[in-house]
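K.L.:
structure for this input, please:
(chains A and B)
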Amino acid sequence: MGNHHVLNSHGVDVSDQDTWQALITSELPDGIALTHVTLLELLHKQEKLDVLVPLTDLLNNKGTLAGGLLQQVYELLIQHTSRLGIWITADTDADALASLTEFLLAQALIVIHVPGFADGRDFSFVQTLRQLGYTGEIRVAGAFGRDQIAYLLRVGVDSFVLSEHDVQSDMSQAFTALASAHAGRSAASLPMFAGA
Amino acid sequence: MYQYNYADQALVEERVAQFRDQTQRFLDGELPEEQFLPLRLQNGLYIQRHAPMLRIAIPYGLLASYQLRKLAEITRLYDKGYGHFTTRTNIQLNWPNLEDVPDILAHLASVQMHAIQTSGNCIRNTTTDPYAGIHQEEIADPRPYCEIIRQWSTFHPEFAFLPRKFKIAVIGTENDRAATQVHDVGLHIKTNEAGEIGFEVLVGGGLGRTPIIGKVINEFLPREHLLSYLDAILRVYNLHGRRDNKYKARIKILVESMGGREFAKLVDAEWEAHTKDGALTLTDDNFATASSFFSAPDYVSVDALQVQSELQSLLSTDQDFANWYTQNTVAHKVAGYRAVVISLKAGLVDGTYVPSGDVNELQMDALADLVDRYSFGELRATYEQNLVFADVQASHLYELWQQLVVLNLARANINTLTDMIVCPGWDYCSLANATTHNIAEQIEKQFDDLDYLYDLGDIRLNMSGCMNACAHHHVGDIGILGVDKKGEHWYQISLGGNSSDDAKIGKILGRAVPAADVASTLQVILDVYLELRAKSEDDVERFGDVINRVGIAPFKEKVYG
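P.N.:
Numbers count the residues shown, from 1 in each chain, chains lettered A, B, ... in the order given. Model prediction:
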């Protein structure tokens, strides 16, 4: 696991205040959270943590929330955590998200993992989550690039997980690029109609 | 013509600054190649066989004279003194240096031009009818809608990293001069029974390795929903389009795999649930604002009868002018005016072949002066790689023609066999499998008799140097595709394609022919056509109609038999 940093929407490094830990599972990608915790560690800890779990592990093969043992584990997680969030991959079925609306809205943090720079599904996932009414924090992690941050901010991302290497250079431009661009959400914001 | 306001201008300048930073970081080794690639493509920059290629946007083909002068200046300063117009009405520079590109973009920004989203997996330049706003049969002028789409798609944050490129074309007449049916989205302006304006929406057309005609997914989309509906189409595509195989990633593959009806259902579900009637809904005020930029120029009223009689006497005394008038001018909705097509298919000039769509810097400057004098300072680029002066007084045609002749821009071959759409091919493009310019030159030499070409009538000949089909060979009456066979360039011929309202994909005639035999093979094909066509005193069966009637078998027999 490489060292990572969390930057907020202003480009400020908020790693020190970030309390999220990713639950270690078989397919946990690098950099979903700054630290990790096993289920066993979590159950033995006195204090309650902020924990991220993979959405796919909570679903059955129909794409709905699983019952049985998985449900029991999830309830156990609820008892042993302060806040719960989920992380999703770009391969998540976007249509299935709509059937999980209530569950999604209850999450304190949703992390979207980007598999590659050219894979822009995350942009539409963010939009889909916002359309479903999710107002909590959305964070992107994975192989996105600093040159995509300006667009990610516009579609509604709140925070970013970046590598040690990324944050070594001055990133401020990445957060302020194309300041005059519209967000794609309203006709009134187009230059011609904005009356600028 | 749309004039940038403060926000537009700021945007273009911010983009120049952003790309300058990205280029510098790439040159310093800080920005990895796999990230710089999509970023430079979205700024129009390809790396080609000899040098980078910069594709400059000409939104829906509209170009002001001062912009053309700036292009001429840029080609002098940073390139080899010429540019190449493409089927998507953009212009390409073939010889810029990578380090100079940010400076070129800064020059362009000074005249409200840019190379934004002319390449890459994003929403590209929207194209339209070169006769928008001047055609008698037009339901409504498509340009205000094109401009709305341009503003919406420019820097749309959600749709900049799509599975593959995305092209939109809009037309306002039944007759399709923008090849809308082979676009990712084609929009046909319609009116409903109440007289309201809307769009027939086609989706999933495209050429390349898998040529497909677009499917209608909405017969009448009221115009206020234009952006919210496009938004839904793009979101469905972005989330569901294939990303595992570059050659299966266009929206046409997605639509084909599930069927047009199923795709339409997904779009409707997305649209109705989330964006319909939301903030993307356009208002009548919005349309009025957009239309105000495309108001008619100050046409002068003329004594049409007198103009016509003067013109008639010139036409009857000067056969060259008459040929040009017949082939290269087009009816205008305003009496006393015509549109003029500037042929960028000069063919052989002093024995040297001039590639289709190429214009040199002297011609650019001269055209800028001419369009200022004769057509309200505004040019249009066409799908067929020509230019149009849209608003020329009929009484000025003769003097305009005389000046175009001097510039080698008055070849009277529009819609004839030599009005070829030709991609740059192997000589420039690193994707190409075969050369195209040498074949076009061979065709020019074989078919240099204008009277013969006029007798053949309208024939669209499109030639691409590879299966990516930039020159739309699938939809030419005659299509030529360059292929590589063990290091040699061969040419596969197809017949019966069409990009207009009756759009269809041509049928492959048979095995490819060697480079030396292309023109002679065309001669055989044209001989068969002349033999088979029905001809009466006032009607001659067109090449494409003969293929429709008899199929390709008689042609095949003569070529390979």
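K.L.:
counting neighbours, what do you get for B:F293?
P.N.:
For B:F293, the count of nearby residues is 13 (other Cβ atoms under 10 Å in any protein chain shown). Bear in mind the C-beta positions are built from the backbone N, C-alpha and C, glycine included.
K.L.:
roughly how far apart are it and B:I189?
P.N.:
As judged by Cβ to Cβ, to the nearest Å, B:F293 and B:I189 stand 17 Å apart.
K.L.:
in the stretch 151-300 of chain B, which spans are helices?
P.N.:
B:226-240, B:251-258, B:260-270, B:284-292 (DSSP state H, counting those that start in this stretch).
K.L.:
check chain A too.
P.N.:
Using DSSP state H, the helices of chain A run over A:39-44, A:68-80, A:94-99, A:101-105, A:121-131, A:149-155, A:164-168, A:172-176, A:191-194.
K.L.:
mean pLDDT for those: which is lowest?
P.N.:
Of all the helices of chain A, the minimum mean pLDDT falls on helix A:94-99 (a mean of 86).
K.L.:
related to what we said a few turns ago, can I get the helices of chain A in TSV including distance to B:V371?
P.N.:
Converted to TSV, these look like this (distance: least, Cβ to Cβ, whole Å):
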stretch	distance to B:V371
helix A:39-44	73
helix A:68-80	69
helix A:94-99	48
helix A:101-105	56
helix A:121-131	41
helix A:149-155	37
helix A:164-168	49
helix A:172-176	40
helix A:191-194	25
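K.L.:
return the nearest residue of chain A with respect to chain B.
P.N.:
A:G120 (2.6 Å; Cβ to the nearest Cβ).
K.L.:
quick check: closest non-adjacent residue to that residue.
P.N.:
B:F161 (2.6 Å; Cβ to Cβ, 6 or more residues apart in numbering or on different chains).
K.L.:
quick one on the thing from earlier: so which of the helices of the stretch 151-300 of chain B is nearest chain A?
P.N.:
Sorting the helices of the stretch 151-300 of chain B by Cβ to the nearest Cβ, the top spot, which is the nearest, belongs to helix B:226-240 at 4.4 Å.
K.L.:
for the strand ranked longest in chain A, packing partners?
P.N.:
Ordering each strand of chain A by length in residues (DSSP state E) puts strand A:81-89 first. Here strand A:81-89 touches strand A:49-54, strand A:109-114, going by 3 or more Cβ pairs under 8 Å, 6 or more residues apart in numbering or on different chains; DSSP states H and E.
K.L.:
pick the most deeply packed of these.
P.N.:
Among those, strand A:109-114 has the highest mean neighbour count (mean count of other Cβ atoms under 10 Å in any protein chain shown), at a mean of 24.
K.L.:
check residue 23 and give its pLDDT.
P.N.:
Chain wasn't specified; assuming chain A. At A:L23, the pLDDT value in this model is 96.
K.L.:
nope, chain B
P.N.:
Note on B:T23: pLDDT of 92.
K.L.:
list the contacts of the residue in the stretch 251-400 of chain B that chain A sits nearest to.
P.N.:
Residue nearest to chain A within the stretch 251-400 of chain B: B:A279 (3.5 Å; Cβ to the nearest Cβ). Neighbour list for B:A279: A:185-188 [criterion: Cβ atoms under 8 Å, 6 or more residues apart in numbering or on different chains].
K.L.:
re earlier: export the helices and strands packed on strand A:81-89 to CSV and tack on distance to B:T416?
P.N.:
Shown next, in CSV, are the helices and strands packed on strand A:81-89 (distance: least, Cβ to Cβ, whole Å):
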stretch, distance to B:T416
strand A:49-54, 63
strand A:109-114, 52
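K.L.:
and those as a markdown table, adding distance to chain B and mean pLDDT?
P.N.:
Converted to a markdown table, these look like this (distance: least, Cβ to the nearest Cβ, whole Å; pLDDT from 0 to 100):
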| stretch | distance to chain B | mean pLDDT |
| --- | --- | --- |
| strand A:49-54 | 19 | 96 |
| strand A:109-114 | 10 | 98 |
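K.L.:
quick revisit: so for the residue of chain A closest to chain B, what's the pLDDT?
P.N.:
A:G120 carries a pLDDT value of 97.
K.L.:
pull out the buried residues from stretch B:534-550.
P.N.:
B:541-547 (16 or more other Cβ atoms under 10 Å in any protein chain shown).
K.L.:
what does stretch A:102-110 give?
P.N.:
Buried, per 16+ other Cβ under 10 Å, within stretch A:102-110: A:103-104, A:107-110.
K.L.:
with stretch B:108-123 instead?
P.N.:
B:108-109, B:111-123.
K.L.:
closest one of those to chain A?
P.N.:
Taking the buried residues of stretch B:108-123 together and measuring to chain A by Cβ to the nearest Cβ, the closest member is B:N121, at 6.9 Å.
K.L.:
the most centrally placed residue in chain A bridge partners, please.
P.N.:
Closest to where the C-alpha atoms of chain A average out (Cα atoms, centre = their mean) is A:V111, at 1.5 Å. The residues listed as beta-bridge partners of A:V111 by DSSP bridges are A:W87, A:R139.
K.L.:
that one contacts A:T89, correct?
P.N.:
No: if you go by Cβ atoms under 8 Å, A:V111 and A:T89 don't touch, sitting 10.0 Å apart.
K.L.:
dump the contacts of B:A279 to CSV, plus pLDDT.
P.N.:
Shown next, in CSV, are the contacts of B:A279 (pLDDT from 0 to 100):
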residue, pLDDT
A:R185, 94
A:S186, 96
A:A187, 97
A:A188, 96
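K.L.:
who's in contact with the residue of the stretch 401-550 of chain B found nearest chain A?
P.N.:
Closest approach between the stretch 401-550 of chain B and chain A, counting by Cβ to the nearest Cβ: B:L431, at 18.1 Å. Contact analysis of B:L431 by Cβ under 8 Å, 6+ apart lists B:465-466, B:468.
K.L.:
now with 10 Å, please.
P.N.:
B:46, B:48-49, B:423, B:425, B:465-468, B:470 (Cβ atoms under 10 Å, 6 or more residues apart in numbering or on different chains).
K.L.:
output these in TSV; the columns should cover distance to chain A, pLDDT and secondary structure.
P.N.:
Listed next are the contacts of B:L431 as TSV, based on distance: Cβ to the nearest Cβ, whole Å; pLDDT from 0 to 100; DSSP: H, G, I helix; E, B strand; the rest coil:
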residue	distance to chain A	pLDDT	secondary structure
B:Y46	16	90	strand
B:Q48	21	76	coil
B:R49	24	73	coil
B:C423	25	95	coil
B:G425	27	93	helix
B:G465	26	96	coil
B:C466	22	95	coil
B:M467	22	94	coil
B:N468	19	94	coil
B:C470	22	95	coil
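K.L.:
among these, which ones are buried?
P.N.:
B:46, B:48, B:423, B:425, B:465-468, B:470.
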